[in-house]
Each structure stands twice: as structure tokens, then as C-alpha cells.
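Participant: Provide a 3D model corresponding to the input given below.
(one chain, ligands or ions: 2)
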Amino acid sequence: MTQLSTIGPVYGPGESVTRKTGSWRIRRPVVNLELCVKREGQACPVCWVVCPDMSILEVHRGVEVNYDYCKGCGLCAYECPAHAIEMIQEGS
Ligand code: SF4
Ligand code: SF4
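Facilitator: Ligands and ions are numbered 1, 2, ... in the order given. This next block holds a predicted model:
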């Protein structure tokens with residue numbers, strides 16, 4: 001019988017932590033903290049909630065992106081109500 005457990009980059013429970021999926025990215029999100037409402041202390045979990053990779057990190061005044069795991073899907077930029085996240089080409 002064919003083993004299907006080796007299809008894809010994650011082979012077993014908990015292994016996703018060791019896979020730096022950020023290397024898959026062709027565009028990366030860049031946060032403009034001047035526009036981010038969290039900079040003013042307001043609660044805004046939108047980008048944190050929509051990120052499928054848990055790559056948005058809440059910091060004291062705003063958010064940061066964990067580029068080790070962010071795959072560059074662009075959901076955070078699309079959903080940000082303040083238009084504070086821009087997707088830019090990797091390498092530019
Ligand atoms: S969704 Fe936009 S405004 Fe809200 S925390 Fe994220 S970057 Fe800031
Ligand atoms: S681009 Fe996608 S994976 Fe990267 S931080 Fe935004 S929502 Fe998460």
C-alpha cells in the first residue's frame with residue numbers, strides 16, 4: 001500500500017514549527033505603523049485573526065510579521081481596515 005503520509009511539507013504532528021514556510025513567499029506584507037490603529041492603543045485584531053499562519057505578532061504599539069512563517073497570502077493586507085499593510089514583491 002502506498003504511504004500518503006509523506007505528501008506535502010509537514011510529515012507529522014508538530015513538525016510545522018520546524019518548517020520555515022516563509023521561503024514559499026513571493027510577496028511580503030509590510031506594516032505601516034503610522035496607519036495602524038493599534039499604534040494609538042486601539043484594539044484591532046483583524047490582521048491577527050485572518051492570518052492563516054499565525055504570523056502576525058501583536059506588539060505594544062502595533063503589529064509585526066513573523067517572516068519565518070508568513071507565506072505571503074495577502075489576507076492581512078486585504079482585510080486591514082486602516083490600509084496599513086502593503087504587499088510588496090520579495091527582493092525589491
Ligand atoms: S488590521 Fe491593520 S490596523 Fe488592525 S492591527 Fe492589523 S495592521 Fe493594524
Ligand atoms: S500575508 Fe498571509 S500569511 Fe503573511 S502575515 Fe499576512 S495573512 Fe499572514
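
Participant: Close to ligand 1: what parts of the protein are there?
Facilitator: Applying Cβ under 6 Å from any ligand atom, we find that the chain lies next to ligand 1 at 31, 36, 37, 38, 44, 46, 47, 63, 80, 82, 84, 85. C-beta here means a position set from N, CA and C on the backbone, and glycine is covered the same way.

Participant: Restrict the helix or strand where residue 49 lies to CA atoms and write it as PDB.
Facilitator: Assigned by DSSP states H and E, residue 49 falls within helix 46-50. The C-alpha trace of helix 46-50 is given here as PDB (Å, rounded to 0.1, in the frame of the first residue of the first chain):
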ATOM      1  CA  VAL A  46      -8.200  42.000  12.300                       C
ATOM      2  CA  CYS A  47      -4.900  41.000  10.700                       C
ATOM      3  CA  TRP A  48      -4.100  38.700  13.700                       C
ATOM      4  CA  VAL A  49      -7.500  36.900  13.300                       C
ATOM      5  CA  VAL A  50      -7.400  36.400   9.500                       C
END
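
Participant: buried residues in that helix?
Facilitator: Within helix 46-50, the residues scored as buried using 16 or more other Cβ atoms under 10 Å are 46, 47.

Participant: next one: stretch 26-40
Facilitator: For stretch 26-40, the neighbour count (16+ other Cβ under 10 Å) marks 27, 28, 29, 31, 36, 38, 39 as buried.

Participant: What lies in contact with it?
Facilitator: For stretch 26-40, the surrounding residues in contact (Cβ atoms under 8 Å, 6 or more residues apart in numbering) are 44, 58, 61-65, 67, 70, 72, 74, 76-77, 81-90.

Participant: Okay then, goodbye and thanks.
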